[in-house]
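Turn this into a structure:
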Amino acid sequence: KYVQNSITVVDSFNLQSHKTKHLVQHLRRLLGHRCHSALLVHEGNLDINDNCRWAGAHIPAIRRENVEGVSVYNLLKYHHVIIT
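Model prediction:
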C-alpha cells in the first residue's frame, strides 16, 4: 500500500452532517475520483464522530474499523487506507 501511494493519514474524520453525500464529497477531495473502496482506521471516539458513522454505514465500498480490530485481509481488500 505504501509503494502504491494508497495510505493517507488525517488528523480526524469529524463530519458536520450525517448525510452520505457529504462523506462522499469529503472522500473524493481527499482521495480523488479514481478510488473505488476505502478502509477508515480510527482510534476511539475522538477521531471519528457519529455523523461519519451514520454516513459511512450506507456505502458498501467503505469500511470503518477501530485500530485494534484491523485485519490483514481488510488492509489488502480495500484500495485505499485512511488512518486517523
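
When you work out contacts or count neighbours from here on, use the C-alpha atoms and nothing else.
Fine.

so what pLDDT did the spatially most central residue of the chain get?
Using CA atoms, centre = their mean, the residue of the chain that lies closest to the mean C-alpha position is Leu40, 2.9 Å off. For Leu40, the model assigns a pLDDT of 89.

what do you get for Ile82?
90.

wait, isn't it in contact with Thr8?
Yes: here Ile82 reaches Thr8: they are 4.8 Å apart, a contact under CA atoms under 8 Å.

Comparing the two, which residue is more hemmed in?
Using other CA atoms under 10 Å, the more surrounded residue of Ile82 and Thr8 is Ile82, with 19 against 14.

For beta bridges, what are the partners of that one?
In this entry, Ile82 is beta-bridged to Thr8, Leu40, by DSSP bridges.

Now for it: which residues touch it?
Ile82 is in contact with Ile7, Thr8, Val9, Val10, Ala38, Leu39, Leu40, Val41, counting by CA atoms under 8 Å, 6 or more residues apart in numbering.

In terms of distance to Gly69, which of these ranks first?
Val41 (9.1 Å; CA to CA).
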